[in-house]
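> Here is a sequence with its predicted model. Questions after.
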4 protein chains.
Amino acid sequence: MSHSATAHLPGWAANTLFSRQHQPADTVVALGDIRIGGGRPVIIAGPCSVESEAQILETAHLLRTHGAQMLRGGAFKPRTSPYSFQGLGQKGLELLAMARSASGLPVVTEVMDTADVGLVAEYADVLQIGSRNMQNFPLLKAVGRLRKPVLLKRGMAATLEEFLMSAEYILAEGNFQVILCERGIRTFSDYARNTLDLNIVPAVRRISHLPIIVDPSHGTGHRELVTPMSLAALACGAQGLIIETHPRPDTALSDAGQTISIEHFAQLMEQINHFVAWQQHYADITDPT
Amino acid sequence: MSHSATAHLPGWAANTLFSRQHQPADTVVALGDIRIGGGRPVIIAGPCSVESEAQILETAHLLRTHGAQMLRGGAFKPRTSPYSFQGLGQKGLELLAMARSASGLPVVTEVMDTADVGLVAEYADVLQIGSRNMQNFPLLKAVGRLRKPVLLKRGMAATLEEFLMSAEYILAEGNFQVILCERGIRTFSDYARNTLDLNIVPAVRRISHLPIIVDPSHGTGHRELVTPMSLAALACGAQGLIIETHPRPDTALSDAGQTISIEHFAQLMEQINHFVAWQQHYADITDPT
Amino acid sequence: MSHSATAHLPGWAANTLFSRQHQPADTVVALGDIRIGGGRPVIIAGPCSVESEAQILETAHLLRTHGAQMLRGGAFKPRTSPYSFQGLGQKGLELLAMARSASGLPVVTEVMDTADVGLVAEYADVLQIGSRNMQNFPLLKAVGRLRKPVLLKRGMAATLEEFLMSAEYILAEGNFQVILCERGIRTFSDYARNTLDLNIVPAVRRISHLPIIVDPSHGTGHRELVTPMSLAALACGAQGLIIETHPRPDTALSDAGQTISIEHFAQLMEQINHFVAWQQHYADITDPT
Amino acid sequence: MSHSATAHLPGWAANTLFSRQHQPADTVVALGDIRIGGGRPVIIAGPCSVESEAQILETAHLLRTHGAQMLRGGAFKPRTSPYSFQGLGQKGLELLAMARSASGLPVVTEVMDTADVGLVAEYADVLQIGSRNMQNFPLLKAVGRLRKPVLLKRGMAATLEEFLMSAEYILAEGNFQVILCERGIRTFSDYARNTLDLNIVPAVRRISHLPIIVDPSHGTGHRELVTPMSLAALACGAQGLIIETHPRPDTALSDAGQTISIEHFAQLMEQINHFVAWQQHYADITDPT
C-alpha cells in the first residue's frame, strides 16, 4: 500500500502528529519481538475479565500454544450496571503479571481512571483506553505522559476525526506508541451487538501512520461471526486482532455470547496463518523492487 | 401526570434506586429557593466557557435580570482537539464563584476527572457530568460520594437503560441529588448538530423519580432552533432547561453557533413564562382534588 | 415566526420550488373549511388499518364528536412480512368513502403503487406517500400529476435535503398541495419504536413554505408517549398531528401498541384545544401589528 | 462453512422460504455458465449510469477483457433531486442489450416502478431492486411474478429481518432466483458515504440459503476504499461483488467519486483472482471429504 498521496488529507488532519503529513512511514510499536504495525498482523487474545488464577494461567498457556502473541484480560471493568461484576482490580493486575511470567505473553489491560494509571502501568505492557473513555481527555493526557504503548479503542459514536484527535491527545503529550482499535459502532442495526465499521481501517491507514487493529468480538457480539470478520479485517488492512477467548466461554463472567473457546481460537489461528501467508506471498510477487 | 403504573417498568429497572418502584414520588433537588423537579421548570443559562471576569459577571447579571435561576459555565472543557481552548481551569471556577456572589445565582459546572472532584465541589453548587463521561464509572462513583447535586448529561449514543444505570452509579454511592439531562443524540441526521430525543423525557418520567431537564443548545446546534425546542421540551414534561447564552455570541470561544444572545434569551424567557403559566393554569383546572 | 431571512438557506435549496426563496408566504392546503398550514393546527385521526365497516364508521363518528378534522385509515398497507395483514385494498377505500359520507370528515389514505394512484385518488381527499416510499420517485411523479393534496411522510433514514427534494418531485410536476410529515427516524435508540426528530419542524419552517405535521404514533410507538409528544410537536411549530386511534386498540390488526383509544383521544383533544388557545392568545398579545 | 445448526434461527425466520430450515443447501442462481452462490464469487462491474453507446460498449469490452462476468448499468436512475440526470430510460436498456451482444456479458439493471417491470425484463438478465425500493412491496411482488433473477439491495436503514422479509415477498410469489446485496447503511459516520455492514454477510449465510454479494462502491463512496473492502467482503463470505467502473470516472454523470477506472478494476481483479485461488486452496486442504 502506497501512502504518498498526503495531498488529499482532510482539513482537520493538517498540522497533527498522527497524520502521514507529519510522518509518512508507518509507526511500529515494538514489544520485545512483537512489532505492531510492521509486518505480520499481531494476534491478541484472552478473556473479557480476569476471573481467577487458574482461569488466566490456563488461558495464557493455551493461547500461547495456539499462536497468540499477546494476552488481554480486564482487571478494571466498565459495566453498564453498578451491580455487575466490576473486575478484580489490583488482584487482577497481579494475576495478569503472573500469567505473563508463566507464558511469556505481554499483557494488555484497561485503565479507567487517571488515579489508576500509575498502578496499571506497573503491571501492563500495553494500557487500553476503552470505548467509553475515548474522549476522557484527562485520562488520554495521563497515558500520554507514560512511555508505554496505549491501545485506544474507538468510541461507540466516534467519527474518524474524533477518533484520531483522541489519539492526538496522547501523541501531544509525547507518547508516540499508540495503537488504534476499531470495535464496532452503535447503529440502528440490531442483529449484531455493534456494527463493525471496517471501512475505517483503510481510511485510517491513508490518513495516519498509526497502526490499527480490529476487535471482532465486540464488533459483532456473536461467536459465529468472529472467524469471518477476523479474516475480513485482515483483508482490508488491519494490522492485528484482539479476540475474546475463554477456556469455557459459557461460564465467562462477562461477554459470554461473543467469547470463543480455545478450540475455536485454534481453528481461527490456522485460517489466519494461511491467510497471512497468502497476503505475504501476494505482496512479494507484486512488489516491483 | 400520574405515575402509579409501576407494573410496566422494563425488566432492567427492577431493584434499582432510580425507579418509581423504589420511590413513587418525584425527587426534588433543592438549591436555596430553587426546586428542580418540584413545580415550575428551572432555567439554567450561561456561556459554554468561562472566558474572563468581565464576561461571566456581565452574563450573570443580565441573566438574573431576565429570569434565569442558575448560571452555567465551563471551567474544564472537553474538546475534540487538544489544541482547542481547554477552559480556564481553577481560575474559571474562581470566576464562577465571583459571579455567584455578585448575582446570587447558584453555579453549575463540569468536572471531567476524579482528581478534580474535590476542587470543583468547593466552587460549584451543582457538578455536571458531561456526555463524553456518562459512562466514566470512577467519576460517577466519585460524585456519588459527594453530598452535592449532580447534573448527568446523556451520552451521545446512550440507550435509556445505560442513561439511567449511570445515574444508578451515583445513587448507589448514597447521593440522591441527581438531575438528568437530554442533550441530543448522534444519528445520521446532519442538518442539526445532534438529534434532540424528546421522547426520552416522558419515558424517563414514567420509569424514574429523578428530574430531567433538556439542553436545546447542544440538542440542536443552531440558535434559531433554541426557542421552539425549549417550548417543545417543556410541553412534553421537561423540568428545566439549560441554555448556552453569551452577551456577544459570535465572539464566544466555543459553541458560538448554538449560543444565543441576552436579547434572544430575554424573549425566550417571556415565552417560557407565558407557557409555564398556561401549564400551571391547565393543571389547576384539570386537577380533580 | 418571521421567515424573512432567506439569505441563510442551505445551498441545496437554491432554485427549488419548496423554498421560501421561491415563495415567502406559507402554503395553505385547503379542504373545504379545513386549512392546513394556515392558522390552527389540523388534527387527523383514525385507525392504522381499515378493518370493517363497523370499525371505520364507529371510529369516524366518535372522532368527529371529539374534534378530529380528518380521518386517516390504511386500505393498502405496507407490511414487513408478506404474511401480515395487507389491508382491504379497494374495499377499504370504499369503506373510507362511506365513513366520509357519514361523518363529513375528509379522508387521507396511503397509495403504494403508481398503478393504484388513479384508484386511490377516486376515493381519497389526501393521498399519503408512506415512509418506505419517500424516495419512490415514479410514485412521487404520479401524485405530482394529480391536483389533490399529498401527505408526504419522511423516510426512516432521510436527511432534511432528501425529504424536501422528494417534495420537490411532486411540486415539479405541478402539484403544489404538499403536506410534509415527520414520523420518527431510525436510530440506535431502542426504548421507542422510532426517534421523533422534532428539530426538523422549525428547520423545515425556516427553509420551506410547505406545511409540516407530526405523527406521534409512529414517532414513539407507545401509547403513553402520544399525548406529551403531541403537545411538544405543536409547541415547536407543527401545523397538525396525525394520530392512530381505534375504539378497541388492543384488537387492532396493526400497530396496536401505539394506537390510542377514543377516550384517550378525547382527553388529548382537550389538552390540544387549551394549548392552541394559549398559542393563539400569545401570538395575539405579542403581534406588533 | 457448515450450516446445519438451524436450531438457532431467529424467531422471525420460522416458516419462511428464505431460511435454511426451508432449504438447507445454498441457492445457486445460474446465468449461462455463471453460477451465483455456487463456487467462485461473481464479479459484476459497470458504470453507475448508461450514458451513451460508446461509453457502454467500451466499458463492456474492457471489463470482459479484465475478467468481469456481468455488466451493470443504470437506465432508470433514482436521484435525490428531480433536476439531476434521471437516466436514459428505454434507450439505456437498448444500449445495455447492445453491450451484452457485443461482449457476451449478462446485464443487470434497476427497475423502479411496477409499470416498467415488463419492459425492463425484456432487456435485463437480472433485475435490480435498489435500496430506496427495498420495501416497495408492489414492486417486490411484481418481480416475484417473473422467472428472472432479482438482485435485491438492502435499504439504507433496513434491519436484517426487514431485508430477508423483503426477499420473502419475491419468493412468496414463486421466484426463487433472488440475490441479496449489502451496499452500506446510513449511520452517524461521515467520513464514508455509507457504513458497509459486512457483519451481515456471515449472518445472512447462516440464516438463509440465498446468495449475498457486496457493493463496495456505494458501501464506501470513495474509490480508494474499493479494493480493500472488496477483499474484506470476499474474506467474510460474500459470493460476489458489484463495482462501479467507468473508462473515465471523473466524467461520469453520477457517482463519480466512488467509481473506479478500468486500470484500477484490472488491478483489483488481479488481487481478487489471487485471493479466490487462496480461498479455494484453503477449502480444499481443510475439506475432510
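Ah, there it is.
> could you measure the residue in the stretch 1-150 of chain A positioned nearest to chain D against chain B, distance?
The stretch 1-150 of chain A approaches chain D most closely through residue A:10 (7.6 Å), counting by Cβ to the nearest Cβ. All C-beta atoms are positioned from the backbone trio N, CA, C, and that covers glycine. Note on residue A:10: its distance to chain B, by Cβ to the nearest Cβ, to the nearest Å, is 13 Å.
> Who are the contact partners of that residue?
By Cβ atoms under 8 Å, 6 or more residues apart in numbering or on different chains, the contact set of residue A:10 is A:161, A:207, D:191.
> What about the residues you listed, which one has the most neighbours?
Sorting these by how many neighbours each has (other Cβ atoms under 10 Å in any protein chain shown) puts residue A:207 first, at 24 neighbours.
> Now that one. Nearest residue, chain neighbours left out?
Residue nearest to residue A:207 in three dimensions, not counting chain neighbours: residue A:13, with 5.5 Å by Cβ to Cβ, 6 or more residues apart in numbering or on different chains.
> Tell me which residues touch the one you found, please.
Taking Cβ under 8 Å, 6+ apart as the criterion, residue A:13 is in contact with A:19, A:21, A:164, A:207-208.
> any chance of the residues you listed in TSV, plus distance to residue B:262, pLDDT and secondary structure?
Formatted as TSV, the contacts of residue A:13 follow (distance: Cβ to Cβ, whole Å; pLDDT from 0 to 100; DSSP: H, G, I helix; E, B strand; the rest coil):
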residue	distance to residue B:262	pLDDT	secondary structure
A:19	41	98	strand
A:21	43	96	coil
A:164	37	98	helix
A:207	42	97	helix
A:208	43	98	strand
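> Max pairwise distance over the residues you listed: which two?
Taking Cβ to Cβ as the measure, the contacts of residue A:13 reach their widest spread between A:21 and A:164, a distance of 12.5 Å.
> follow-up on the earlier one: distance check, the residue nearest to residue A:207 against chain B.
From residue A:13 over to chain B (counting by Cβ to the nearest Cβ), the distance is 11 Å.
> same deal with residue A:119?
As judged by Cβ to the nearest Cβ, residue A:119 and chain B stand 13 Å apart.
> How about residue A:165?
Using Cβ to the nearest Cβ, which is the criterion applied here, residue A:165 is 5 Å from chain B.
> Around that residue, count how many other residues there are.
26.
> Please report how far it lies from residue B:23.
Distance of residue A:165 to residue B:23, given as Cβ to Cβ, to the nearest Å: 41 Å.
> now swap in residue A:286 and tell me
Taking Cβ to Cβ as the measure, residue A:286 and residue B:23 are separated by 67 Å.
> Likewise for residue A:120?
Counting by Cβ to Cβ, the gap from residue A:120 to residue B:23 is 37 Å.
> what residues does chain A put near chain C?
Those residues of chain A that sit near chain C, judged by Cβ under 8 Å from any Cβ of the partner chain, are A:186-188, A:190.
> mind running it again at 10 Å?
Counting by Cβ under 10 Å from any Cβ of the partner chain, the residues of chain A close to chain C are A:156-157, A:185-190, A:194-195.
> can you map out the helices along chain A?
A:53-65, A:90-103, A:117-123, A:137-144, A:160-172, A:200-207, A:223-235, A:262-286 (DSSP state H).
> quick revisit: ok, of the residues of chain A next to chain C, which come out buried?
A residue is treated as buried here by neighbour count (16 or more other Cβ atoms under 10 Å in any protein chain shown); on that basis the buried members of those are A:156-157, A:185-189, A:194-195.
> Nearest to residue C:245, out of these: which one, please.
The shortest approach to residue C:245 among those belongs to residue A:188, at 27.6 Å (Cβ to Cβ).
> Verify the stated contact: the closest one with residue D:157.
Yes. Look at residue A:188 against residue D:157 with Cβ atoms under 10 Å: they come within range, at 5.9 Å.
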